[in-house]
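# output the structure for:
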Amino acid sequence: MDFSEDSVVRCFSCGTWVRSIATDIVPTGERDDMERWCNGCINTVDANTRTLLAPGYTPAPLELEEGT
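Numbering: from 1, shown residues only. Below you'll find the predicted structure:
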């Protein structure tokens, strides 16, 4: 595979510079804004989403401090 003509872009999520072939433009946020994310960030979010949606998953309780 010849990468000499491949552009380098910045991931919106982590800020890492990666080749454009290792990214995807995905809808994010409440308004589904289109943002370029690297495959690493996309895979991490997908894995966390599958965990959160798994049957029987119970999230750890949040411990909030007063004033936060």
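
# so how far is the helix or strand bottoming out on mean pLDDT in the chain from its chain's centroid?
Every helix and strand in the chain was compared by mean pLDDT, DSSP states H and E; the lowest is helix 39-53, with a mean of 87. Centroid displacement of helix 39-53 relative to its chain, using Cα atoms, centre = their mean, to the nearest Å, is 7 Å.

# and G15, how far from C38?
Separation of G15 from C38 (Cβ to Cβ, to the nearest Å): 10 Å. C-betas here are computed from N, CA, C, even on glycine.

# quick one: which of those two has more around it?
More neighbours surround C38 than the other of G15 and C38, with 23 against 9 (other Cβ atoms under 10 Å).

# excluding sequence neighbours, find me the nearest residue to the more buried one.
Leaving aside its chain neighbours, C38 sits nearest to C11 (3.9 Å; criterion: Cβ to Cβ, 6 or more residues apart in numbering).
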